[in-house]
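> Sequence isn't available, so here's the structure alone:
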């Protein structure tokens, strides 16, 4: 089971938002690049970096993200405000190994099809869920129902999903296992889970639910989870 540390970048700093609320922000590191190197040194096999400013339509953190990709040896997947093919190419050119598509993907599966035709396994589609709906535009607006979205995105050839439970995101309350069980009934595409992880037991529960990997941020920042706990196996 792969645990992927999340580094959410806002105004050049590594932060976490509670349930995606930009007004409920905790700053965890002034230097996201140094944080990325620390996670790598602790055993992370991949990093998940989100440009929150780009996602919220309030600028971007391209230089910070490019530095993370350049100064780490592990693969980096990057998301946040990536809504056209040119931008996908730019992010890959910065050194990202995967690009995470959100709003545009949920609203326009044909765009996903074009992206996958050009970039194949480098594409990850974020499915951010609340109340049975996929949320878009920085989680501020409702998109399609989850079931409809997954069918359309599967038909578009999505190679991998990142499914986030918004209600659990940043809470340390444990993952929404019912959501992931539902998702696994709706698709055979590999799924990365995100939202609510507190400790190693949550990681194992997600693995047992069929998840390929899990993205977590706050649990690592608050030290309720250590990467070493889940890289040495269940007994480690």
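Done, it's in. The shown structure was predicted, so the numbers you read here are calculated from the model rather than taken from an experiment.
> Touching, residue 170 and residue 217? I think so.
Yes - proximity of residue 170 to residue 217 meets the contact threshold set by C-beta atoms under 8 Å, at 7.4 Å. Any C-beta I mention is one placed from the backbone N, CA and C, and that applies to glycine too.
> Spit out the residues that contact those two alike.
Taking C-beta atoms under 8 Å, 6 or more residues apart in numbering as the criterion, residue 170 and residue 217 both touch residue 16.
> quick one: the helices in this protein?
Secondary structure of the chain, counting by DSSP state H: helices at 32-41, 52-55, 62-71, 85-93, 103-107, 109-119, 146-155, 177-186, 200-208, 218-221, 227-231.
> Tell me if I'm right that residue 70 and residue 96 touch.
No - between residue 70 and residue 96 there is no contact under C-beta under 8 Å: 10.7 Å.
> Compare the two (neighbour count), which wins?
residue 96 (24 against 11; other C-beta atoms under 10 Å).
> Which phi and psi values does the more buried one adopt?
Dihedral pair for residue 96: phi -70, psi 140, per degrees, to the nearest 10.
> That one: what's it in contact with?
Contacts of residue 96 (C-beta under 8 Å, 6+ apart): 49, 65, 69, 76-78.
> where in the protein is pLDDT low?
Within the chain, the ranges that satisfy pLDDT under 70 run 232-236.
> ok, 90 please
Along the chain, the model assigns pLDDT under 90 to residues 1, 17-23, 55-58, 137-140, 170, 231-236.
> ok, residue 177 - contacts?
205-206, 209.
> same thing but 10 Å
Neighbouring residues of residue 177 by C-beta atoms under 10 Å, 6 or more residues apart in numbering: 165, 193, 196, 202, 205-206, 208-209, 211.
> Tell me which of the helices of the chain lies nearest to residue 6.
helix 218-221 (8.1 Å; C-beta to C-beta).
> neighbouring contacts of that closest one?
Residues contacting helix 218-221 (C-beta under 10 Å, 6+ apart): 3, 5-8, 14-18, 26, 28-29, 35, 38-39, 42, 44, 169-172, 195-200, 202-203, 224-227.
> Let's see that with 6 Å instead.
Here helix 218-221 makes contact (C-beta atoms under 6 Å, 6 or more residues apart in numbering) with 5, 16, 28, 170, 172, 197-198, 225.
> most neighbours, which of the residues you listed?
Going by other C-beta under 10 Å, residue 197 tops the contacts of helix 218-221 with 30 neighbours.
> now that one: how far from residue 35?
Distance of residue 197 to residue 35, given as C-beta to C-beta, to the nearest Å: 18 Å.
> How about residue 59?
20 Å.
> higher neighbour count, those two?
The residue with more neighbours, out of residue 59 and residue 35, is residue 35; 21 against 14, by other C-beta under 10 Å.
> wait, doesn't the more buried one sit right on residue 28?
No - using C-beta atoms under 6 Å as the test, residue 35 is too far from residue 28 to be in contact (7.5 Å).
> can you list residues touching both of those two?
residue 14.
> Any idea how many residues pack against residue 15?
21.
> So it sits against residue 25, correct?
Yes - between residue 15 and residue 25 there is a contact under C-beta under 6 Å: 5.1 Å.
> tell me the contacts of residue 107?
Here residue 107 is in contact with no residues (criterion: C-beta under 6 Å, 6+ apart).
> one more time with 10 Å, if that's ok
83, 134, 136-137, 141, 143-144, 149.
> And it, how far from residue 136?
For residue 107, the distance to residue 136 - C-beta to C-beta - is 6 Å.
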